[in-house]
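Novice: Take this sequence and fold it.
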Amino acid sequence: MQLGPRGIWVSLEALDLKGRAEAAQRIERLGYSALWHPMAMQRDLMVVASQLLAETDALVVATGIIPIFERAPAVMAAGHFALNEQSGGRFLLGLGVSHAPIVEQMHGLTYGPPLTSMRNYLDAMDRGPDMSVFLGPDATPSEVPPVQTGPPRVLAALGPKMLALSRDRAQGAHPYFMPPAHTAAAREILGPEPLLVPEVKVVFETDPTKARDAARAAGATNIALENYRKTWREFGLEDADFEDGGSDRLIDETVAWGTETQIEDFLQRHIEAGANQVCIHFVNPGGAYGEIAWDAIEALAPGR
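Specialist: Next up is the predicted model:
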């Protein structure tokens, strides 16, 4: 799968059916090569992806991400194959283990060890359903293509072990809320071929206080999570950087904000560090939930 250097990471969950179609078409006209939709709470993300693929011509539609607890592995694989077939190869499945508070507190499920959980899930996806349950012991096994020739998938990955799993069991990695230095380290682990598509928050605001406050609000949940803190520590950040909603240093190293030129320079650092595409997550300062920052999206559009 070929991806241009810029994609959009945006939730369309607050829009109705017509609004989602119009937003995807507008993003495609602006020249972005992919639309990454984050985890959804009110709509089935695979169904949303099917609609967006049907309403666009060349846009890659990616999930960033679908948590593995939402579907049985064989069901996820079946949906993956169906959307890939429907779109002529324009669907990119992003999978992640999610986080303990979401899995356990919101959904009442058990959150297992992330690496083991993901590896076991991929094993089950690639093995396919056991048809002998219905057809007897002589049933023909499901025909599942090898990972590198099957429909493309990427894994939400921060640490070196999950990045290595992304290299070995997927087409690449989709890190979130990480500095360019992490992108460089991830590329070293992945090697030259796999996709590396980091999410990058962007705030079109030149006032430092307003820009950082907007970024803190957008990243508050993640800043409180230990797995993010553990990874940030590996790149020089300290516990003090995670206090009071996140230090200026944490925000400045992970979020693109300021003038258009400053933002362009920050995004380019990820590309130079080895990203195939930056998944631009526009933070809308003062905007209502679900309100899309179209002015910012147009300002950085590849086709402008």
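Novice: For Ile68, which non-adjacent residue is spatially closest?
Specialist: Tyr121 (4.7 Å; C-beta to C-beta, 6 or more residues apart in numbering). Where you see a C-beta, it was placed from the backbone N, CA and C, and this is true even at glycine.
Novice: Doesn't that neighbour belong to a helix?
Specialist: Yes: the assignment for Tyr121 (DSSP: H, G, I helix; E, B strand; the rest coil) places it in a helix.
Novice: Let me see the ranges of the helices in the stretch 51-200 of the chain.
Specialist: For the stretch 51-200 of the chain, the helices defined by DSSP state H, counting those that start in this stretch occupy 73-87, 100, 114-127, 132-135, 160-169, 180-190.
Novice: Name the residue closest to the centre of this structure, please.
Specialist: Gly64 (2.8 Å; C-alpha atoms, centre = their mean).
Novice: Surely it touches Pro38?
Specialist: Yes: under the criterion of C-beta atoms under 8 Å, Gly64 makes contact with Pro38 at 5.4 Å.
Novice: Now the common contact residues for those two.
Specialist: Common contacts of Gly64 and Pro38, defined by C-beta atoms under 8 Å, 6 or more residues apart in numbering, comprise Trp9.
Novice: Can you tell me the element Glu253 falls in?
Specialist: helix 248-254 (DSSP states H and E).
Novice: Output the contacting helices and strands for the helix or strand that that helix is followed by.
Specialist: As assigned by DSSP H and E, the chain's next helix or strand after helix 248-254 is strand 255-257. Under the contact definition 3 or more C-beta pairs under 8 Å, 6 or more residues apart in numbering; DSSP states H and E, strand 255-257 sits against strand 199-203, helix 208-223, helix 260-273.
Novice: quick one: low-confidence parts of the stretch 1-150 of the chain?
Specialist: For the stretch 1-150 of the chain, the stretches flagged by pLDDT under 70 are 129-136, 139-149.
Novice: Strands of that one, residue ranges please.
Specialist: Ranges of strands in the stretch 1-150 of the chain, per DSSP state E, counting those that start in this stretch, are 6-9, 34-37, 60-63, 66-67, 91-96.
Novice: Note down every partner strand of the fourth one and its orientation.
Specialist: Its sheet considered, strand 66-67 pairs with strand 91-96 (parallel) by DSSP bridges.
Novice: which element follows the partner strand toward the C-terminus?
Specialist: Heading C-terminal from strand 91-96 (DSSP H and E), you reach helix 100.
Novice: I'd like the distance from that following helix to the chain centre, please.
Specialist: With C-alpha atoms, centre = their mean, to the nearest Å as the basis, helix 100 stands 18 Å off its chain's centre.
Novice: Look up the closest residue to Gly4, ignoring the ones flanking it.
Specialist: Nearest one to Gly4, counting by C-beta to C-beta, 6+ apart, is Ser33 at 3.3 Å.
Novice: May I have the residues that are in contact with that neighbour?
Specialist: Neighbouring residues of Ser33 by C-beta under 8 Å, 6+ apart: 3-7, 59-60, 277, 302.
Novice: now Gln51
Specialist: 17, 20-21 are the contacts of Gln51 under C-beta under 8 Å, 6+ apart.
Novice: got it, and Met76?
Specialist: By C-beta under 8 Å, 6+ apart, Met76 lies in contact with 66, 68, 93, 95, 125.
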